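1. Sharing a sequence plus its predicted fold:
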Amino acid sequence: MNESNINNVNEENPENKITPSNFVREIIDEDLKTNKFGGKVHTRFPPEPNGYLHIGHAKSICLNFGIAASYNGVCNLRFDDTNPSKEDVEYVDSIQEDIRWLGFDWEDRKFYASNYFDQLFEYAVQLIKKGKAYVCDLNAQQMKEYRGTLTEPGKDSPYRNRSVEENLDLFIKMRDGEFEDGSRVLRAKIDMASPNMNMRDPAIYRILRATHHRTGDKWRIYPMYDFAHGISDSIEGITHSICTLEFEAHRPLYDWFLDELEIYHPQQIEFARLNLNYTVMSKRKLLELVEQKYVSGWNDPRMPTISGLRRRGYTPESIRNFAERIGVAKRDNTINVALLEHSLREDLNKRAPRVMAVLRPLKVIFDNYPENQVEELEAINNPEDLSAGTRNIPFSKVIYIEHDDFREDPPKKFFRLSPGNEVRLRYAYIIKCESVVKDEKTGEITELHCTYDPETKSGTAQSGRKVKGTIHWVSAQHAVNAEVRLYDRLFSVEDPSSGDYKSFLNQSSLETLNDCKVEPGLLSAKVDERFQFERQGYFCLDSEDSKPGALVFNRAVQLKDAWAKIEKK
RNA sequence: UGCCCGAUCGUCUAAUGGUAGGACAACGCCCUUUGGAGGCGUAUGCAGAGGUUCGAAUCCUCUUCGGGCAGCCA
């Protein structure tokens, strides 16, 4: 056990930042002090493989693996696969990929609740033999009626007092497939009048003929989550079973099983799950968005799934930092999605190479620039990290600038290009707009004629002349065409769960731009690289749709836009 | 209506009986060849009422409000 475990102090995490303490760590510190688990910390992340992991799971993953790491313990991965009718290997695979991508490692500790099915069956037999479990023939509807309500106690099942022998015989017949699905269940015999509904003789085994992704057709009965989960933690020697708040009322039931079976007791600790505004987090709803094609798949860049965030351009570091700064507590919370976005910008600002890309091109012709001349201009790859070096970008007589960077009638405080006005071209010259060419029919601006000031080349002595604005550009003859996908929040209201969430879908959550012009260096971009398109945001290649001859970029997040704010006023 | 849990700036989160602090968001200003980044500054909070104490966000009581629980889901 390492020294810092004993003290209630902050730990260094791998990113060299202070990990803030939280109530879970305080409980662990206390347990270490009292030697409750012999100085050991052993956590687990227990997903059900019935969907893709989302940012809420990331919080739990960072918590469980993070705590294990900083206390010199370990963290298991365990699939809670007790309901074969909803589970699938596709999810088992994606879950592992996502956890690894986030930067965590379960080493050789990958487990499945289904590994324990034989053991679980034996434990159930043990309960029956102790007179603590019985086979009940009530159907689902009857069971519901017998259960009582929140304010009224339930009634004992008429099958509650079967003999041990009969229960054993029936349970074995359940296992051997002699009864119909749903015709009987095995129930714990606890207290039908308990104020805790979970203690009113809960079902612990149901008959279910479904092929399990691991055990195939070996079983016709499957343990319920409540029975399997706590016992699985016990079998694995977990010290601290960290889970979300809704399982708080289940803790007495887990404790009851462990006590009756006289086996090792982990300590369960419940924390509040993550909610993000402008999104939904329930697996059911995310599944619906996928199945009903509101999004392109689990990894649609607008989804709050790990795979969606990855495809969108998020980094593991940014998600880990996010998980850290939102904290861990018991009160319900809704985090501003702006904080997630901030975490990404903060990370990429330090690391992402800058490039120039014109999303909505407007042609600019320099009337005083030599016809066939091409200059190579030096540009800094990352002003936040000079060790990233420089690159050359070509400049020539015709370039593209951003349509938004020109206004024929500039409003006040518009520092960009307008007729008769000057602007700095990033890493190039100061230019002046001399005339505007429009489409005769539509009145649409089609090109600009400008002059450049040869004395103002970046890096030269006279380049110091000040102009108010600087804009980005791409040389027309050298530009590479690309498609760019601009994403906005998936929902248009802060809390889509407040009603029919699908009616709150943001109709303009995806805008596809097909005629973008990017600097030639981007031809060699790779899928896991992220770039800052100067003055616009952070982008990456789309891992599904981008092809060598047909680049597709996703916008991960916009840069902050002070002008947009000014203009709004 | 029963049981359980919770309540600190707009949003998160610290404080562990001794000056309510940080982050994001907001708003100013400075700086800037990214209207980016950065710097400086401003405003905003202990749900309410009692009690214990020299002293309470912290301990106790009541009230109010929010969340969870009545699957053979997890």
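-> Structure's in. What do you need?

2. In the stretch 301-450 of chain A, what residue lies closest to RNA strand B?
-> With CB to the nearest atom of the strand, the shortest gap between the stretch 301-450 of chain A and RNA strand B falls at A:Gly327, namely 2.8 Å. Heads up, the C-betas are built off the backbone N, CA and C, glycines and all.

3. what about that residue, neighbour count?
-> 15 (other CB atoms under 10 Å).

4. you'd agree it is up against A:Thr19?
-> No - in this structure A:Gly327 lies outside contact range of A:Thr19 using CB atoms under 8 Å: 10.8 Å.

5. Around the residue nearest to A:Ile190 when sequence neighbours are not counted, how many other residues sit close by?
-> Nearest residue to A:Ile190 in three dimensions, chain neighbours excluded: A:Met199, at 4.8 Å (CB to CB, 6 or more residues apart in numbering). A:Met199 has 18 neighbouring residues, counting by other CB under 10 Å.

6. A:Asn421 too?
-> Count around A:Asn421 with other CB under 10 Å applied: 18.

7. can you check A:Ala338 too?
-> 10.

8. Could you list every helix and strand that the strand or helix carrying it packs against?
-> Using DSSP states H and E, A:Ala338 maps to helix A:337-351. Helices and strands touching helix A:337-351, by 3 or more CB pairs under 8 Å, 6 or more residues apart in numbering; DSSP states H and E, are helix A:316-326, strand A:530-533, strand A:537-541, strand A:551-558.

9. what's the angle between the longest one and helix A:337-351?
-> Meaning helix A:316-326. 140 degrees (axes from the mean of the first three to the mean of the last three CA atoms, to 10 degrees).

10. buried set for helix A:316-326?
-> Buried positions in helix A:316-326, judged by neighbour count with 16 or more other CB atoms under 10 Å: A:316-324, A:326.

11. List the contacts of that helix.
-> A:13, A:15, A:17, A:19-20, A:55, A:58-59, A:62-63, A:66, A:101-103, A:274, A:306, A:309, A:333, A:335, A:339-340, A:343-344, A:346-348 (CB atoms under 8 Å, 6 or more residues apart in numbering).

12. The second one now?
-> Strand A:530-533 is touched from outside by A:313, A:315, A:348-349, A:351-357, A:359, A:472, A:518, A:522, A:525, A:538-540, A:553, A:556, A:559, with contacts defined as CB under 8 Å, 6+ apart.

13. can you dump the C-alpha coordinates of that strand into PDB?
-> C-alpha atoms of strand A:530-533 as PDB (Å, rounded to 0.1, in the frame of the first residue of the first chain):
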ATOM      1  CA  ARG A 530      -6.900  16.700 -35.400                       C
ATOM      2  CA  PHE A 531      -6.400  20.100 -36.900                       C
ATOM      3  CA  GLN A 532      -7.300  23.600 -36.100                       C
ATOM      4  CA  PHE A 533      -8.800  25.300 -39.100                       C
END
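
14. What pairs with it, parallel or antiparallel?
-> strand A:354-355 (parallel), strand A:537-541 (antiparallel) (DSSP bridges).

15. Quick check: pLDDT value at A:Asn16.
-> As predicted, A:Asn16 sits at a pLDDT of 42.

16. Ok, the one 10 residues further on next?
-> Here, the pLDDT recorded for A:Glu26 equals 96.

17. what's the answer for A:Thr460, then?
-> At A:Thr460, the pLDDT recorded in the model is 80.
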